[in-house]
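# Sequence and predicted structure below; questions after.
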Amino acid sequence: DMFATQKPSIARGGLICQEMGLGKTCISLSLVLENPAPEFPESGTEVSGYVHPPNQSNTSSTPGWTKALTIAAYAPKARGSIYSRGTLVVCNVSLVGQWIDEAKSKLKNPGLVYSYHGGSRTRDASILAQKSIVVTT
């Protein structure tokens, strides 16, 4: 049996391969909205103090990241890093504007979409972490 009949417990990405004009951007936006990031930690939270469960058999009622109490060995070692619940969209330069326009026209709060492209882009991670969708090349 080559095809799965049930949704996987953890989605790890995928490909949408269609001809132009068939709605790949809308499909991608709907997948982002249908599968939100875990609620904790909040965007902008510093890396230290949170860990992702090392095994996927998490029995808690809230899946995702949990506050570390005793398992500091799994904490990321990145200095000055913060978490973001946003989605990073990587596309061709010619599609950045289309992605931004499409996302802003479909979402309730278009201010949560950010184009990380060009010389005037912000490099402040705390500002980028507050965006729901960041589009870049």
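Right, received. Where do you want to start?
# worst-scoring helix or strand of the protein, pLDDT-wise?
strand 66-67 (a mean of 50; mean pLDDT, DSSP states H and E).
# Just after it, pick out the following helix or strand.
As assigned by DSSP states H and E, the chain's next helix or strand after strand 66-67 is strand 87-90.
# ok, residues contacting that following strand?
The contact list for strand 87-90 (Cβ atoms under 8 Å, 6 or more residues apart in numbering) reads 28, 32, 37, 99, 132-137. Where you see a C-beta, it was placed from the backbone N, CA and C, and this is true even at glycine.
# Can you tell me which one of these sits lowest on pLDDT?
In terms of pLDDT, the lowest of those is residue 37, showing 77.
# now the most centrally placed residue in the chain, which residues is it bridged with?
Centroid-nearest residue in the chain, with Cα atoms, centre = their mean: residue 87, separated by 2.6 Å. Per DSSP bridges, the residues bridged to residue 87 are residue 133.
# packing partners for the longest helix seen in the chain?
Longest helix in the chain by number of residues (criterion: DSSP state H): helix 93-106. The helices and strands touching helix 93-106, judged by 3 or more Cβ pairs under 8 Å, 6 or more residues apart in numbering; DSSP states H and E, are helix 24-34, strand 113-116, strand 133-136.
# Between helix 24-34 and that helix, find me the angle.
50 degrees (axes from the mean of the first three to the mean of the last three Cα atoms, to 10 degrees).
# Check what contacts helix 93-106 and list those residues.
Residues outside helix 93-106 that contact it (Cβ under 8 Å, 6+ apart): 25-26, 29, 89, 91, 110, 113, 115, 117, 133, 135-137.
# Filter those down to the buried ones, PyMOL style.
Command for PyMOL, covering only those of the contacts of helix 93-106 found buried under the criterion 16 or more other Cβ atoms under 10 Å:
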select buried, resi 25+29+89+113+115+117+133+135+136
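# can I get the contacts of helix 93-106 in a markdown table with distance to residue 45?
Shown next, in a markdown table, are these (distance: Cβ to Cβ, whole Å):
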| residue | distance to residue 45 |
| --- | --- |
| 25 | 30 |
| 26 | 31 |
| 29 | 25 |
| 89 | 22 |
| 91 | 28 |
| 110 | 25 |
| 113 | 21 |
| 115 | 24 |
| 117 | 26 |
| 133 | 19 |
| 135 | 23 |
| 136 | 22 |
| 137 | 27 |
